[in-house]
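>>> this is the structure alone, sequence omitted:
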């Protein structure tokens, strides 16, 4: 079934495969997207960075140390070199195409407003505006993107869990809370601000600290999902969509 729109999603929680479904196949790969679709995900999340030759690509980390043992950053490498090191890497247009018919969450790691027009144009030229949501990490970027694209959904990925009102005023439609920051009061504040609520499971780090939840980013157990469900979120992001679907 083709994903409809982020602004009128009819059921909840939407199941969003984090990094395309990082426990199903190589993260941010077309293979992960297909596996996430087969597992019943409603949408896939992928990350946007830029290469040295100005190509927007879908890579989570700033550098390639974790993925292939190369300490150089994505921004230092041209696309051809990046593909030699990481054959599964997709350009943004390739990821937009590969994600169909699922919803697509673009976690824009770039903090410069100058990148937004090209990203928005790539989505629009593919006819994917309705099924795409921009994940932005700064209130000023949210405001700028809203001015550029009145009809595109925006997810606030801001670090302050109590900034839902500011995110809404800037033009966001959705607000992300980490599992560890989720409380009844914060979930209520997000909804009262007129935003939909997305929960990111795990801790915001690859190796968790000894605090709740006991898992790194993207990973969760049944108890954690049960706690999250009590807040009636509109979407949950996790590495393995099979746990929810």
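Now that the structure is in, tell me what you want to look at. These numbers come from a predicted model, not from an experiment.
>>> distance of residue 159 from residue 98?
30 Å (CB to CB, to the nearest Å). Where you see a C-beta, it was placed from the backbone N, CA and C, and this is true even at glycine.
>>> same drill for those two, tell me which one is more crowded.
More neighbours surround residue 98 than the other of residue 159 and residue 98, with 20 against 10 (other CB atoms under 10 Å).
>>> so what does the helix or strand the more buried one falls within touch, helix or strand wise?
Element membership for residue 98, per DSSP states H and E: helix 92-99. When contacts are defined as 3 or more CB pairs under 8 Å, 6 or more residues apart in numbering; DSSP states H and E, helix 92-99 packs onto helix 30-38, strand 43-50, strand 103-108, helix 116-125.
>>> do a quick rundown of the strands in this protein.
For the chain, the strands defined by DSSP state E cover 14-17, 43-50, 56-57, 63-64, 70-73, 103-108, 132-136, 153-156, 174-178, 196-200, 235-238.
>>> kindly reformat those as CSV containing distance to residue 184, mean neighbour count and mean pLDDT.
Output for the strands of the chain, formatted as CSV (distance: least, CB to CB, whole Å; neighbours: other CB atoms under 10 Å; pLDDT from 0 to 100):
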stretch, distance to residue 184, mean neighbour count, mean pLDDT
strand 14-17, 21, 27, 97
strand 43-50, 25, 25, 98
strand 56-57, 38, 22, 98
strand 63-64, 39, 18, 98
strand 70-73, 40, 14, 98
strand 103-108, 25, 26, 98
strand 132-136, 24, 27, 98
strand 153-156, 20, 26, 98
strand 174-178, 12, 23, 98
strand 196-200, 12, 25, 98
strand 235-238, 17, 28, 98
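>>> any chance of those in a markdown table, plus distance to residue 123?
Converted to a markdown table, the strands of the chain look like this (distance: least, CB to CB, whole Å):
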| stretch | distance to residue 123 |
| --- | --- |
| strand 14-17 | 17 |
| strand 43-50 | 11 |
| strand 56-57 | 11 |
| strand 63-64 | 26 |
| strand 70-73 | 25 |
| strand 103-108 | 8 |
| strand 132-136 | 5 |
| strand 153-156 | 11 |
| strand 174-178 | 16 |
| strand 196-200 | 19 |
| strand 235-238 | 19 |
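>>> among those, which comes closest to residue 165?
Counting by CB to CB, residue 165 lies closest to strand 174-178 out of the strands of the chain; the figure is 9.8 Å.
>>> which residues touch residue 239?
Contacts here follow CB atoms under 8 Å, 6 or more residues apart in numbering; on that basis residue 239 touches 17-19, 21-24, 218-219.
>>> thank you, goodbye.
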